[in-house]
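Participant: predicted structure and sequence below. I'll ask about it afterward.
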Amino acid sequence: MKIAVIGGAGYIGSHVSRELLDFGHEVFVYDNLSSGLRQNLFKEADFTLGDILDVKSLDDFFEKTKPEGIVHLAALKAAGESMLLPEKYSVNNITGSINILNAAAKHGVKYIVFSSSASVYGSPKYLPMDEKHTTEPENYYGYTKLAIEQNLEWYRKLRGINYAALRYFNAAGYDIKGRISGLEQNPANLLPIVMEVAVGKRTFVEVFGNDYETPDGTGVRDYIHVSDLARAHRMAFDKLQSIGKSFTINLGGSSGTSVLEVIKAAERISGRKIEYKIAPRRVGDAPTVLANPAYAKEFLGWQAEHSDLNTLLESTWVVYKK
């Protein structure tokens, strides 16, 4: 299949592109390189430098590549920043996504695999969280993801574009085979921040809250290896083609790890001291967030294979220690 990976030079996008190439798909990457890197691009994939806010550039890209499917990964993703700069997130995430949908409709795209987020759920009403959980996002970033899902559903009804919305939890790790080495730019996620401390790029990790009702008082999260995530994107295309209808699905490792557990494991794997400081809780942070990926296994035939903490950290440390 001819697949356009929008945001394909980024951390997750590069892994998805590699997975699709490995399985014989023809990949076309569209990225503005605001956070993506040229070193994350592969010679087998065509690359276009462009922005999702540039309607003409998008139209030219679709006209040139004529993709049958799209992976949409282009988004601003810092939940805390989204609460301070909602205008920035509404324009980039929502307006940019509508531009993509309009181009897809115009050029006859059949399938979209959308990088959504567990943040659409908000604070857990029960654990682990399945796809039937209420969607009540507590940060503006999560709202933008939900708004895009809702637009996808309308374009399915009105333009016949089938989609897979992949709601994933905390992506981490690096390519198991070591083929991707571009470091995240200004990371907001825990594992790359921990690694930046390990290599001396930061002096400490900020731990937001140590008085939660968890075993060690710090927040517990569900981490998923980016290689597992990439495989799910590829499998989603297979499923869309075989069943001809849209679906929404959770992706996660189903086991939780606390912030302090991540830090201690990183110290063991890197052999370096990871300094940290306790900071106040962040608004909207739940004590524990866990996915229920049972439907992904039942419906998609997918389950996490590399999402244990050791593999997550070891594959990340291999990249950062260089």
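Facilitator: Nice, I can see it.

Participant: my guess is residue 313 contacts residue 264. True?
Facilitator: No: with contact defined as CB atoms under 8 Å, residue 313 and residue 264 do not form a contacting pair (10.5 Å). Placement of C-beta: from N, CA and C, glycine included.

Participant: which of the two has more neighbours?
Facilitator: Remark: of residue 313 and residue 264, residue 313 carries more neighbours, 25 against 13, as counted by other CB atoms under 10 Å.

Participant: contacting residues around the more buried one?
Facilitator: Residues in contact with residue 313 (CB atoms under 8 Å, 6 or more residues apart in numbering) are 173, 191, 262, 265, 266, 269.

Participant: gap between the fourth one and residue 130?
Facilitator: Distance, residue 265 to residue 130, by CB to CB, to the nearest Å: 28 Å.

Participant: mind putting the contacts of residue 313 in CSV, neighbour count and secondary structure included?
Facilitator: CSV is the format used below for the contacts of residue 313 (neighbours: other CB atoms under 10 Å; DSSP: H, G, I helix; E, B strand; the rest coil):
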residue, neighbour count, secondary structure
173, 26, coil
191, 23, helix
262, 24, helix
265, 18, helix
266, 25, helix
269, 19, helix
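
Participant: nearest to residue 114, of those residues?
Facilitator: Proximity of the contacts of residue 313 to residue 114 (CB to CB) peaks at residue 173, which lies at 21.4 Å.

Participant: dihedrals phi and psi, residue 76?
Facilitator: Main-chain dihedrals, residue 76, degrees, to the nearest 10: phi -80, psi 140.

Participant: I misspoke; the intended subject was residue 251.
Facilitator: Torsion angles at residue 251 (phi, psi; degrees, to the nearest 10) stand at phi -130, psi 120.

Participant: what's near enough to touch the closest residue in space to it that isn't next to it in sequence?
Facilitator: Take residue 251 and drop its neighbours on the chain: the residue closest to it by CB to CB, 6 or more residues apart in numbering is residue 168, 4.1 Å away. Taking CB under 8 Å, 6+ apart, we find residue 168 in contact with 115, 116, 117, 118, 224, 229, 232, 250, 251, 252, 291.
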